[in-house]
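> starting from these lines, generate the structure:
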Amino acid sequence: MRIRAPRDFWSGLLFIAVALFFIALATRYRFGTPERMGPGFFPIAVGILLGALGAILTGRALAFDGGPLRHMHLRPLAVTMAAVVLFGLALQWLGLVAAIIVLVVVGSYADRAARLMESLGLAAFLTVFSVAIFVWLLGLPLPVWPEW
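Numbers count the residues shown, from 1 in each chain. Alright, predicted model coming up:
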């Protein structure tokens, strides 16, 4: 069996690995039923979908020709990971508003063409949208502002 699309093949295997990792973590929580979902239902369902997508990509890589595997750009990956970690830390200590601003502004440095004013505009929109949906509409107990 020959890998005809290396990029799709390795992407598919990465999707499957991430799916298995999160499914394994989510099995610690109660699954529930579709009528009364437990805290493990959604992560396991998303993990199954991600694993299925990975299986499709991997299978297609064996059947159809595709692009070669190129070098990996580590800067965007590292900046994106840092932005997500900073979001988690900022959410805990500074609240949702500051956390979203930190996420968007730091995450924008993953793209060399990003502009600060565009990032701040996106951060403002996402902040208003997120507070409206998650805090006001859904009533999630997220700290909006710092609780000093």
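> list the contacts of residue 18.
residue 50 (CB atoms under 8 Å, 6 or more residues apart in numbering). Any C-beta I mention is one placed from the backbone N, CA and C, and that applies to glycine too.
> ugh, typo on my part, it should be residue 79
Counting by CB under 8 Å, 6+ apart, residue 79 has contacts 106-107, 109-110.
> can you tell me which of those has the most neighbours?
For those, the largest number of neighbours (other CB atoms under 10 Å) sits with residue 107, at 22 neighbours.
> coming back round to it: and which of the contacts of residue 79 is nearest residue 140?
Minimum distance to residue 140 across the contacts of residue 79 is 21.9 Å, recorded for residue 107 (CB to CB).
> tell me how far that closest one lies from residue 121.
14 Å (CB to CB, to the nearest Å).
> repeat for residue 11
Note on residue 11: its distance to residue 121, by CB to CB, is 32 Å.
> now swap in residue 90 and tell me
Remark: distance between residue 90 and residue 121 (CB to CB) = 19 Å.
> neighbour count for residue 11 and residue 121, which is higher?
Neighbours around residue 11 and residue 121, counted as other CB under 10 Å, are more numerous at residue 11. The numbers are 18 against 12.
> for the more buried one, give me its contacts.
So residue 11 contacts 54, 57 (CB under 8 Å, 6+ apart).
> just confirm it is within a helix.
Yes - per DSSP: H, G, I helix; E, B strand; the rest coil, residue 11 lies within a helix segment.
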